[in-house]
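In: have a look; sequence and predicted model below, questions after that.
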Amino acid sequence: MEHSTSVVVVGAGHAGIEAALASARMGVDTVLFTTSFEAIANMPCNPSIGGTAKGHLVYEIDALGGEMGKAADAVTLQSRTLNLGKGAAVHSKRVQADRKQYHIYMKSVLERTKNLRLVQSEVVAVGLDGNGAVASVTTHLGEVWRTKAVIVASGTYLDSRIFVGDVNYAGGPDGFLPAKGLSASLSAIGVRLRRFKTGTPARINRRSVDLDRLTVQEGERDALPYSAKTPENYLDGVRQLPCHMVYTNEKTHAVIKENLTRSAMYGGHIHGTGPRYCPSIEDKVVRFADKERHQLFLEPLGRETDELYLQGFSTSMPTDVQEAMLHTLPGFEKAEIMRYAYAIEYDCCDPTQLDATLAFKNIPGLYGAGQFNGTSGYEEAAAQGLLAGINAALRVKGEEPLILPRSSSYLGTLVDDLIIKGTNEPYRMMTSRSEYRLLLRQDNADARLTPAGRRVGLIDDERFAAFEEKQAHIKQETARLSTTYLSPEKVNPFLTEKGLSPVQTGVSLADLLRRPDLDYAALAPLDENRPVLTRAETQSVEIQIKYDGYIARQMGEVSRHEKLESRMLPDTLDYKKITGLRLEAMQKLSDVRPRTVGQAARISGVSPADISVLLIYLGLH
């Protein structure tokens, strides 16, 4: 049989879902393929959404019109904000999500989305036309689908292999089947593939753990939602489930050290590169031999299941060692494993083959998203899927692509890092990866990205009107606080009562708010005429005023860097003909083919002297 569509998305994980929804919502006929409907929006690793820098990505996905934030709000088991002891730039929301309900929610959204068809079938080949552009995909059943664009969002399924001790077999995550055949097809059309690996801990039956011996970690009652569409009081009346903390000990480490050679990783069975920032427990014990213990978190998988997830205890040890390790933990002496831990190897692409739209430079119409691009994590995947889906739809519609600069978002930073620097291990987003992190906060994701979501058609009139009203309130209140002055006679009794130093002259409410010991709520007794704001509006006002000097400084840095970012490099530029470039710079620039001088400056192996030569050359030609 032969069919036709405009956009094909391969894989219905977190990347594929956002890609398919974006394309379909933009009015483009889209087909989403998955090897199993039960694998849609699956969480094969941790049952959570968000975390350090990852929470920022979820807010950005929502600001652009994606679905992950709204879905996470709907199935929240517990919400916490990480890094509250640090500055606002690194405050990151993280929720425990009901794993099964998240799957049900997303499957329902996909099924009800106009212009989107769900097909349970495995894509085994991508076909090109005579010009080398995408023309079709073929399934394992022999069906051919003619198409104008293909987004590969294969997650960890591509020619995947499971490892438990010295046992290994072809398999996908969570017992699903691997995707066979597509790797060979992609290689044949010029996609450079590599082998990465990741892993997951065992799942444990709640009844078998003595929770009274563990430290309880409760959620936050006043947490703000991820999505602008979710009411701020969304957790009112919701019974948040507790998490628990426990630590490894000398006995745990002894079991691991005695059995290191039985680990699939240390036994030489695994050849793929694993994530540096999410190592297995045996890797932690080896790499951090001076540490006497490692912190673990016991997290619920859902309201209707007693399965628990032990974060930080990922391993590829054989089953008997997994049990021995587990039973050394206090409260886990009789713990029952329901699903054993495993490591998984899979194929992914070299992301330097992509451009800033996440399209392959040499294969028009082919896009990559998620772990296929060498990243790790649900949030990184969903953000890339959204961008790839937007750009595939824009290509089909003949419109200008959406390109996000580093200064606009963590998503822009992520894409820029991947396509310019590449990655030799599963890439994980962290706040430290951005030089503009004070500008890229959670609270202002909508201010940064909602106009872009509106431009491509993912933000409707009602939501954009609400967005504009929110921004107006923030601007008005910031101005009011900066221009409302109080006399020392009114302010000093208030300050003295709080043990703070008095003022000698009149002071604005904004100046008082900048004091480390005061916040917006604390100033209420001095501010009888304040307007009624939402908590999200209040948060943005407070952060903007407290950090205004630092924000202005970073805005200046953005302006300086924009000069290099605005200098476009011709697609046909032959770097080998530029006299003065070092050989390494010539090779790197020729391989990566950066769009701008700014991107060229971020390529490993390209020095400031090379950039000077490049600028002089561009000035002369």
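Out: Right, received. Where do you want to start? Everything numeric in this text was worked out from a predicted model, so none of it was measured. Residues are numbered from 1 along each chain as shown.
In: quick check: phi and psi on Gly127?
Out: phi -100, psi 150 (degrees, to the nearest 10).
In: could you pull up the contacting residues of the residue lying closest to it once chain neighbours are set aside?
Out: Excluding its sequence neighbours, the residue lying closest to Gly127 (CB to CB, 6 or more residues apart in numbering) is Ser136, at 4.0 Å. Every C-beta, even on glycine, is put in place using the N, C-alpha and C of the backbone. Taking CB atoms under 8 Å, 6 or more residues apart in numbering, we find Ser136 in contact with 126-127, 144-147.
In: measure Ser136 to Ile189 for me?
Out: Taking CB to CB, to the nearest Å as the measure, Ser136 falls 12 Å from Ile189.
In: who touches both of these two?
Out: Val126.
In: point out where this protein drops to low pLDDT.
Out: Low-confidence segments of the chain (pLDDT under 70): 620-621.
In: ok, the helix or strand containing the residue nearest to Gly127: who's next to it in the sheet?
Out: Ser136 belongs to strand 134-139 when assigned by DSSP states H and E. Applying DSSP bridges, strand 134-139 is found paired with strand 123-128 (antiparallel), strand 144-146 (antiparallel).
In: chain center to the longest helix along the chain: distance?
Out: For the chain, the helix with the greatest residue count under DSSP state H is helix 461-483. When distances are taken as CA atoms, centre = their mean, to the nearest Å, helix 461-483 is centred 28 Å away from the chain's centroid.
In: just the C-alphas of it, formatted as PDB.
Out: Output of helix 461-483 as PDB, limited to C-alpha atoms (Å, rounded to 0.1, in the frame of the first residue of the first chain):
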ATOM      1  CA  ASP A 461      -5.800  34.600  20.600                       C
ATOM      2  CA  GLU A 462      -7.100  33.900  24.100                       C
ATOM      3  CA  ARG A 463      -3.700  32.800  25.400                       C
ATOM      4  CA  PHE A 464      -1.800  35.700  23.700                       C
ATOM      5  CA  ALA A 465      -4.200  38.200  25.200                       C
ATOM      6  CA  ALA A 466      -3.600  36.800  28.700                       C
ATOM      7  CA  PHE A 467       0.100  36.900  28.000                       C
ATOM      8  CA  GLU A 468       0.000  40.500  27.000                       C
ATOM      9  CA  GLU A 469      -2.100  41.400  30.100                       C
ATOM     10  CA  LYS A 470       0.400  39.700  32.400                       C
ATOM     11  CA  GLN A 471       3.400  41.500  30.800                       C
ATOM     12  CA  ALA A 472       1.500  44.800  31.100                       C
ATOM     13  CA  HIS A 473       0.900  44.100  34.800                       C
ATOM     14  CA  ILE A 474       4.600  43.300  35.400                       C
ATOM     15  CA  LYS A 475       5.700  46.500  33.600                       C
ATOM     16  CA  GLN A 476       3.200  48.700  35.400                       C
ATOM     17  CA  GLU A 477       4.000  47.300  38.900                       C
ATOM     18  CA  THR A 478       7.700  47.500  38.300                       C
ATOM     19  CA  ALA A 479       7.300  51.200  37.400                       C
ATOM     20  CA  ARG A 480       5.000  51.900  40.300                       C
ATOM     21  CA  LEU A 481       7.400  50.400  42.900                       C
ATOM     22  CA  SER A 482      10.300  52.400  41.400                       C
ATOM     23  CA  THR A 483       8.400  55.700  41.600                       C
END
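In: and the next helix or strand past it?
Out: Proceeding N to C from helix 461-483, the next assigned helix or strand is strand 485-486, under DSSP H and E.
In: give me the contacts around that following strand.
Out: By CB under 8 Å, 6+ apart, strand 485-486 touches 506-509, 512, 526.
In: hey, where'd the strands end up in the stretch 151-300 of the chain?
Out: Along the stretch 151-300 of the chain, the segments classed as strands by DSSP state E, counting those that start in this stretch run 161-164, 167-170, 193-200, 203-205, 215-217, 243-247, 295-300.
In: now render the ones you listed as a markdown table, adding mean neighbour count.
Out: Putting these into a markdown table (neighbours: other CB atoms under 10 Å) gives the following:
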| stretch | mean neighbour count |
| --- | --- |
| strand 161-164 | 21 |
| strand 167-170 | 13 |
| strand 193-200 | 21 |
| strand 203-205 | 19 |
| strand 215-217 | 12 |
| strand 243-247 | 19 |
| strand 295-300 | 20 |
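In: nearest to Glu258, of those strands?
Out: strand 161-164 (17.8 Å; CB to CB).
In: contact partners of the closest one?
Out: 168-171, 178, 264-265, 269-270, 316-319, 340-346.
In: these in helices, which ones?
Out: Thr319.
In: and the contacts of strand 161-164, which are buried?
Out: Burial by neighbour count, 16 or more other CB atoms under 10 Å: within the contacts of strand 161-164 this picks out 168, 171, 178, 264-265, 269-270, 316-318, 340-346.
In: who touches Pro44 in this structure?
Out: Taking CB under 8 Å, 6+ apart, we find Pro44 in contact with 156, 173-174, 200.
In: number of residues surrounding Thr579?
Out: Neighbour count of Thr579, defined by other CB atoms under 10 Å: 7.
In: and what of Thr315?
Out: So Thr315, with other CB under 10 Å, has 27 neighbours.
In: same thing with Ser92?
Out: Ser92, neighbours per other CB under 10 Å, totals 24.
In: wait, is Glu38 part of a helix?
Out: Yes. Assessed with DSSP: H, G, I helix; E, B strand; the rest coil, Glu38 lies in a helix.
In: which ones are touching it?
Out: Glu38 neighbours (CB under 8 Å, 6+ apart): 103, 176.
In: just use 49 as the starting number from now, easier for me
Out: Sure thing, new numbering starts at 49, so read that last one as Glu86.
In: distance of it relative to Arg142?
Out: 26 Å.
In: how many residues are close by Thr353?
Out: 16.
In: who's in contact with it?
Out: 147-148.
In: hmm, 10 Å instead?
Out: For Thr353, the contact set (CB atoms under 10 Å, 6 or more residues apart in numbering) comprises 95, 146-148, 251, 253-254, 386.
In: make a PyMOL selection of the buried ones in those.
Out: The buried residues among the contacts of Thr353 can be selected in PyMOL (16+ other CB under 10 Å) with this line:
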select buried, resi 95+146+147+148+251+254+386
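In: just the contacts of Thr353: which are in helices?
Out: Per DSSP H, the contacts of Thr353 map to helices at 147-148.
In: for the contacts of Thr353, give me a markdown table that also has distance to Lys538.
Out: Putting these into a markdown table (distance: CB to CB, whole Å) gives the following:
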| residue | distance to Lys538 |
| --- | --- |
| Pro95 | 51 |
| Asp146 | 50 |
| Arg147 | 54 |
| Lys148 | 56 |
| Arg251 | 60 |
| Asn253 | 61 |
| Arg254 | 56 |
| Met386 | 63 |
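In: returning to what we had before: between the contacts of Ser184, which sits nearest Arg269?
Out: Thr195 (47.8 Å).
In: does that closest one touch Thr186 like I think?
Out: No. Using CB atoms under 10 Å, Thr195 is not in contact with Thr186; the gap is 11.0 Å.
In: okay, the two: which has more neighbours?
Out: Thr195 (24 against 17).
In: if we can go back for a sec, overlap of the contact sets of Thr195 and Thr186?
Out: With CB under 10 Å, 6+ apart as the test, Thr195 and Thr186 both reach 174-175.
In: quick one: the strands in the stretch 349-498 of the chain?
Out: 355-359, 385-387, 390-397, 414-416.
In: the third one packs against which elements?
Out: When you say that, I think you mean strand 390-397. Packing partners of strand 390-397 (3 or more CB pairs under 10 Å, 6 or more residues apart in numbering; DSSP states H and E): strand 209-212, strand 215-218, helix 230-236, strand 241-248, strand 414-416.
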